[in-house]
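In: Pasted the sequence and its predicted model underneath.
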Amino acid sequence: MLERFRAFWTKVLSPIAHLLLRMGVSPDAVTFVGTVGVAAGALVFFPQGMLLTGVLVITAFVFSDLLDGYMARTSGRVSKFGAFWDSTLDRIGDGAIFIGLALYFAWEEPSRLYLVLSLVCLLMGGVTSYARSRGETLGFSVKVGIAERADRLVAILVMTGLSAIFDLPVLLYIALWALAVASTITVAQRVWVVRKQALAEAGTTI
């Protein structure tokens with residue numbers, strides 16, 4: 001869904017990527033710095049109620065996810081460790097966003113309901129990624145679901161930012177409900193798809 005935007009921003013950011021490579025910066029270092037920036041933006045600003053500032057900081061560092069991949073491909077440094085490093089740190093960054101929101105609802109704008117929903121989004125988002133990773137490791141095709149990682153990330157950042165700009169917290173509430181439901185459905189879809197493929201595989205080998 002968001003691939004066309006990914007391609008556009010990759011072209012925009014390519015000069016920065018080439019500059020960093022000339023400076024001797026590695027793609028893995030960019031991945032690390034980007035994750036630290038995302039986590040800091042979420043865990044420092046969200047709990048203080050500075051939602052728009054947090055969103056802007058996170059968004060700035062999210063672009064590192066495009067930079068590191070482009071740098072690796074351009075420099076010929078694509079590696080299994082790089083892919084593992086990128087995926088692992090993606091989980092940390094994604095988790096930090098929802099932990100930051102959970103702390104916001106625990107401290108700044110107390111609400112047990114939306115604290116719990118933030119944690120549900122954190123859990124199901126992680127399981128969504130794990131289900132695909134584990135399924136593909138077993139040889140199944142698992143790229144299905146209504147809530148891919150990029151869609152979840154864009155949705156929560158846009159709606160959180162808009163809720164702060166227009167002072168409409170209901171936008172953030174809607175986003176959390178939608179993502180909690182969509183992530184849960186995506187996990188169910190991936191379990192179902194893997195189950196069907198596993199049964200079909202077993203049927204052909206018996």
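Out: Perfect, I can see it now.
In: Helices of this protein, start to end?
Out: 3-22, 27-40, 51-62, 64-75, 80-103, 112-137, 149-165, 169-205 (DSSP state H).
In: possible to save these as TSV with distance to K143, mean neighbour count and mean pLDDT?
Out: C-beta: built from backbone N, CA, C; applies to glycine. Compiled in TSV, these are given as follows (distance: least, Cβ to Cβ, whole Å; neighbours: other Cβ atoms under 10 Å; pLDDT from 0 to 100):
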stretch	distance to K143	mean neighbour count	mean pLDDT
helix 3-22	12	13	78
helix 27-40	22	20	95
helix 51-62	21	20	96
helix 64-75	17	21	86
helix 80-103	14	18	95
helix 112-137	7	18	96
helix 149-165	11	19	94
helix 169-205	9	16	93
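In: what about G139, neighbour count?
Out: G139 sits with 9 neighbouring residues when counted by other Cβ atoms under 10 Å.
In: residues contacting it?
Out: G139 makes contact with no residue under the criterion Cβ atoms under 8 Å, 6 or more residues apart in numbering.
In: who touches F61 in this structure?
Out: By Cβ under 8 Å, 6+ apart, the residues touching F61 are 33-38, 41.
In: Nearest residue to it in space, please, no chain neighbours.
Out: G37 (3.1 Å; Cβ to Cβ, 6 or more residues apart in numbering).
In: Among the contacts of F61, pick out the one closest to D90, please.
Out: D90 has its nearest neighbour among these in T35, at 7.7 Å by Cβ to Cβ.
In: check contacts around the nearest residue to the closest one once chain neighbours are set aside.
Out: Nearest in space to T35, with sequence neighbours left out and distances taken as Cβ to Cβ, 6+ apart, is L89 at 4.1 Å. Counting by Cβ under 8 Å, 6+ apart, L89 makes contact with 31-32, 34-35.
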